[in-house]
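*Asks:* Provided below are the primary sequence and the corresponding predicted coordinates.
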Amino acid sequence: MTKTLAGYLRRRVAARTLTLIALLTALMQVLELLDKTTDVLDRGLGIKGLAYYALLRIPAEIVLALPLAALLGTMWAFHDLARNHEMIAVRTAGVSLRQIVTYLLPVPLAVALTHFVLSQAVMPDAEAALQSWWVATAPPEEAPQPSWIRTSAGPISYLAASPDGRRLTGVKIYQRGENKLLAARISARTAEWQHGAWQLHDVEQLRVTDRKTQPAKEPTYVWKTNLRPDDVQRAEIARPSLSSAMLMDVIGGERAASRPISYYQTALYRSFVAPLMPFVMLLLALPAARGLPRHLEGGAALVLALVLGLAYLLCDGLMAALGTSGQVPAAGAALAAPALFSAVGLLQLHFSEGR
């Protein structure tokens with residue numbers, strides 16, 4: 001009896017969650033393609049270009065869809081069970097909401113694993129491939145603006161980069177001394193990634209010593225730094241998606257950064273907390289399981305579950321923005337919303353047992 005009921009409930013919730021993941025992903029695809037179609041076609045990429053763009057955007061869109069699909073899928077299943085009087089039969093048989101939540105845990109676990117795999121292994125590579133393709137097909141700029149990256153030796157700027165990030169043009173390197181002040185400026189016509197270091201060509205150096213400047217010219221110069229070609233590829237992405245290992249490398253100084261360190265610290269903590277979101281959504285959807293069919297309480301319960309879920313997403317997004325900008329500590333920004341709404345969900349579960 002228990003295994004049969006548990007399997008039935010899981011199938012109901014899983015089927016609706018999968019349906020909503022597909023629908024939400026398709027909706028985001030349509031909206032994004034409406035925005036990008038003109039740009040893709042203006043580059044002469046045609047339908048194949050649109051299809052390639054859409055394919056590389058799918059992982060990020062699925063990750064965005066997962067939390068809302070977990071909430072709405074559970075609400076949908078609970079509402080159907082209540083409307084068909086199945087929930088009444090289940091509760092009459094002595095099955096508590098706590099047991100129902102326990103039966104359903106494999107569903108949010110599967111959603112969490114999907115989120116983990118996509119965000120840690122698929123999204124970073126897909127995003128880098130998309131950026132490389134987008135740069136390779138971009139029309140030449142008449143007056144390109146320099147791009148900036150913070151490296152272990154100091155900030156650098158460059159005017160253009162190859163699609164694979166292995167060749168830079170118009171490079172300027174600003175090296176800092178032990179006192180953190182400017183020690184040298186190195187300008188190079190090009191920089192090429194070879195054997196784990198950057199080979200600079202047509203180099204002009206301006207070194208500062210004892211308040212004096214010493215200019216020098218060299219045909220080539222080997223520059224060893226933590227800047228890698230894949231860092232260059234992601235430099236133009238407003239919110240780069242990085243795996244937890246990449247984020248730790250950036251924070252530890254082994255990789256170059258194009259954004260403030262608070263961005264990477266917050267993203268690292270959020271990467272650990274993000275898999276908990278489907279479990280929180282399951283708890284927040286519990287009011288939909290309490291609603292009675294053909295009763296005002298049923299509609300109010302659905303509204304309550306929806307409001308709680310959307311409030312969670314809003315609060316989580318707000319805290320993420322504050323964390324990445326350095327306004328609040330990274331750990332607090334990542335943990336605040338999950339901790340608060342987990343407590344709300346657990347309180348709902350506790351008080352529902354007496355109903």
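*Replies:* Done, it's in.
*Asks:* Look up phi and psi at the nearest residue to Ser147 once chain neighbours are set aside.
*Replies:* Closest residue to Ser147 apart from its sequence neighbours, by C-beta to C-beta, 6 or more residues apart in numbering: Ala235 at 5.4 Å. (C-beta placed from N, C-alpha, C; glycine too.) Dihedral angles phi and psi of Ala235 (degrees, to the nearest 10) take the values phi -60, psi -30.
*Asks:* got a list of what Ala235 touches?
*Replies:* The contact partners of Ala235, by C-beta atoms under 8 Å, 6 or more residues apart in numbering, come to Ser147, Trp148, Ile149, Ala161, Ser258.
*Asks:* neighbour-wise, which of these leads?
*Replies:* Neighbour counts for the contacts of Ala235 (other C-beta atoms under 10 Å) peak at Ala161, which has 22 neighbours.
*Asks:* That one and Val135 touch, don't they?
*Replies:* Yes. With contact defined as C-beta atoms under 8 Å, Ala161 counts as touching Val135 (7.0 Å).
*Asks:* what touches both of these two?
*Replies:* Gln233.
*Asks:* now the helices for the stretch 201-350 of the chain?
*Replies:* 229-234, 244-251, 261-273, 277-284, 287-290, 296-324, 330-352 (DSSP state H, counting those that start in this stretch).
*Asks:* what's the spacing between the longest one and its chain's center?
*Replies:* Centroid separation for helix 296-324 versus its chain: 19 Å, with C-alpha atoms, centre = their mean, to the nearest Å.
*Asks:* same question, the second one
*Replies:* Taking C-alpha atoms, centre = their mean, one finds the center of helix 244-251 at 14 Å from the center of the full chain.
*Asks:* contacting residues for the closest residue to Pro275 other than its chain neighbours?
*Replies:* Excluding the flanking residues, the one nearest Pro275 by C-beta to C-beta, 6+ apart is Ala112, at 3.8 Å. Residues in contact with Ala112, defined by C-beta under 8 Å, 6+ apart, are Pro275, Leu276, Met277, Pro278, Phe279.
*Asks:* can you pull the contacts of the closest residue to the second one other than its chain neighbours?
*Replies:* Counting by C-beta to C-beta, 6+ apart, the nearest residue to Leu276 once its immediate chain neighbours are dropped is Pro338, at 5.4 Å. Applying C-beta under 8 Å, 6+ apart, we find Pro338 in contact with Val273, Leu276, Met277, Val280, Asp316.
*Asks:* and the third one, how many neighbours?
*Replies:* Right, the one you point to is Met277. 25.
*Asks:* How about it: what's its closest non-neighbour residue?
*Replies:* Leaving aside its sequence neighbours, Met277 sits nearest to Pro67 (C-beta to C-beta, 6+ apart; 4.8 Å).
*Asks:* Give me the phi and psi angles of the one you found.
*Replies:* phi -60, psi -50.
*Asks:* Residue ranges in the stretch 101-250 of the chain under the pLDDT threshold?
*Replies:* Where the stretch 101-250 of the chain drops to pLDDT under 70, the residues are 141-143, 211.
*Asks:* redo that, cut-off 80
*Replies:* Within the stretch 101-250 of the chain, the segments meeting pLDDT under 80 span 139-144, 153, 177-181, 208-214, 236, 238.
*Asks:* For it, just list every one of the strands.
*Replies:* With DSSP state E, counting those that start in this stretch as the criterion, the stretch 101-250 of the chain has strands at 147-150, 155-158, 160-161, 167-176, 182-194, 197-209, 212-223.
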